[in-house]
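Student: Below are the sequence and a predicted model for it; my questions follow.
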Amino acid sequence: MARTTAEPIAASAPDIWRNTDVAVASARLDLGDAVPARIKLRAGIGCALAVITAMVGALPAFAQTPSWPTKPIRFISPFVSGGAIDLIVRPMQPLYEKALGHPVIIEYRPGAGGSIGAAVVAKERPDGYTLLGTTTGPNAVAQSLFPDLPYHVVKSFSYIAAWGGFPILIAVHGQSPIKTAKDLIDTARAKPGTLTYGTSGVGSVGHLTGVLFGMESKTDLTHVGFKGASDAQRSLMGQEITMLVNTLGAHIAALEPKGPLRALAVTSAQRSPSAPSVPTLRELGMPNVVATNWFMLAGPAGIAPDIVKRLADVTYASMREPAIRQAHDQIGLESLGEMTPAQMTEFVAREAERWAPVVKASGAKPQ
């Protein structure tokens, strides 16, 4: 089992939701936002961006909706900068802006496992000018975890396009005496309650995967929720926590041999092509610990179908470009297919149902 320490925001659940209107800094997506450990990855992405810039003019034109867009589009990321959402969207930003004819402005609204940012978008006007980059945590797990959640993961959103998914990674610092997943389990059993694992927040897939891992391995781990992957990674690099249990794509550039972190296992059914030397927990005798953190583009419920279609067309056309595929392959993003809005809505509903018993069995509570 896993226990949870307070996420680095001191507020009760109702206070959290009331604070979603607090002004936070907004910024255009900037290569400098990524954490230092991603320097080598950013160099690769920089090369991809050079190709993208040259190819933007060749992106297929899309029929213009007469009244949309006429101004910049706000893109809400519900985690701090430097995480998987940034790494997915950054290469695509020039293509979005070229196809839509207006800037895409990024605002970071982190906290409560991504649910604060999702709550902000859920109550916006459905005019296509405020969009959400969302994941399994805020748009599936949160439905069961937060009793006062101010939105419904299905009814409150227009689902637009599926970007893809990542397995969850379990990693320790390269200087840790823990060398393998077996070492981790043995250490956790010898020192119950003392090993800590960092994630992108309470209610994130990493959080619940850590709970599942604890249940399956019969170990007592302590959860430490952060406001995003980059915060959790910095804490592990400073050896303030024992390990990460978080989205693979957000940390792949920091893994050995080029980075300071040691991967112990991933939660995919098969080994990830982007980390083929890392075993799965299924291989290690934990067939029930299989989890994927999916990523989607969404907006408030009620966005006009023609706007949804245009955004989906731009997204999928961009993702078919070789330079975008290369950038996404570098971080291990695995395709979910070009899902329609109806398919995504059904998928999210199933995911919310699938995670509900895990939340209940874990005893996880919002902080």
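Tutor: Great, that's in hand.
Student: Does anything pack onto the helix or strand hosting residue 313? Which helices or strands?
Tutor: Assigned by DSSP states H and E, residue 313 belongs to helix 305-320. Using 3 or more C-beta pairs under 8 Å, 6 or more residues apart in numbering; DSSP states H and E as the contact test, the elements touching helix 305-320 are helix 93-100, strand 157-173, strand 292-300, helix 322-330. C-beta here means a position set from N, CA and C on the backbone, and glycine is covered the same way.
Student: Out of those, the one nearest residue 148 is which?
Tutor: Nearest to residue 148, of all those, is strand 157-173, at 18.1 Å by C-beta to C-beta.
Student: What residues of the helix or strand following the closest one count as buried?
Tutor: Using DSSP H and E, the helix or strand that follows strand 157-173 in sequence is helix 181-190. Neighbour counts over helix 181-190 (16 or more other C-beta atoms under 10 Å) mark 181, 184-185, 187-188 as buried.
Student: What is the nearest of those to residue 264?
Tutor: Of all these, residue 181 has the smallest distance to residue 264: 4.6 Å, by C-beta to C-beta.
Student: Quick one: residues contacting that closest one.
Tutor: Taking C-beta atoms under 8 Å, 6 or more residues apart in numbering, we find residue 181 in contact with 170, 264-265, 279, 281, 284.
Student: Identify the residues contacting residue 149.
Tutor: 17, 115, 119, 142-143.
Student: hey, which helix is longest across this structure?
Tutor: For the chain, the longest helix by residue count, based on DSSP state H, is helix 341-362.
Student: Low-confidence regions, the stretch 201-350 of the chain specifically.
Tutor: Within the stretch 201-350 of the chain, not a single segment meets pLDDT under 70.
Student: Can you check which of the helices and strands packed on helix 305-320 gets nearest to residue 136?
Tutor: With C-beta to C-beta as the measure, strand 292-300 is the member of the helices and strands packed on helix 305-320 nearest residue 136 (5.1 Å).
Student: Can I get the closest one in CSV, CA atoms only?
Tutor: Provided in CSV are the C-alpha atoms of strand 292-300 (Å, rounded to 0.1, in the frame of the first residue of the first chain):
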residue,chain,number,x,y,z
THR,A,292,-0.8,4.0,-19.7
ASN,A,293,-1.0,7.7,-19.3
TRP,A,294,-2.9,9.0,-22.3
PHE,A,295,-2.9,12.6,-23.6
MET,A,296,-5.6,14.4,-25.4
LEU,A,297,-6.7,17.8,-26.7
ALA,A,298,-10.0,18.9,-25.3
GLY,A,299,-12.1,22.0,-24.6
PRO,A,300,-15.3,23.0,-22.7
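Student: Just checking: what are the partner strands of that strand?
Tutor: According to DSSP bridges, strand 292-300 forms sheet pairs with strand 130-135 (antiparallel), strand 157-173 (antiparallel).
Student: if we can go back for a sec, who wins for proximity to residue 310 among the helices and strands packed on helix 305-320?
Tutor: For residue 310, the closest of the helices and strands packed on helix 305-320 is helix 93-100, at 8.0 Å, according to C-beta to C-beta.
Student: helices or strands up against that closest one?
Tutor: helix 39-55, strand 104-108, helix 305-320.
Student: if we can go back for a sec, please, a ChimeraX command that selects the buried ones among the contacts of residue 181?
Tutor: Applying 16+ other C-beta under 10 Å to the contacts of residue 181, the buried members can be selected in ChimeraX as follows:
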select :170,264,265,279,281,284
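Student: contacting residues around the longest helix of the chain?
Tutor: Outside of helix 341-362, the residues within contact range by C-beta under 8 Å, 6+ apart are 1-2, 136, 139-141, 143-145, 153-154, 157-162, 208, 211-212, 215, 294, 296, 308, 312, 339.
Student: circling back to that earlier point, to residue 71, which of the strands paired with strand 292-300 lies closest?
Tutor: That would be strand 130-135 among the strands paired with strand 292-300, by C-beta to C-beta, at 11.4 Å.
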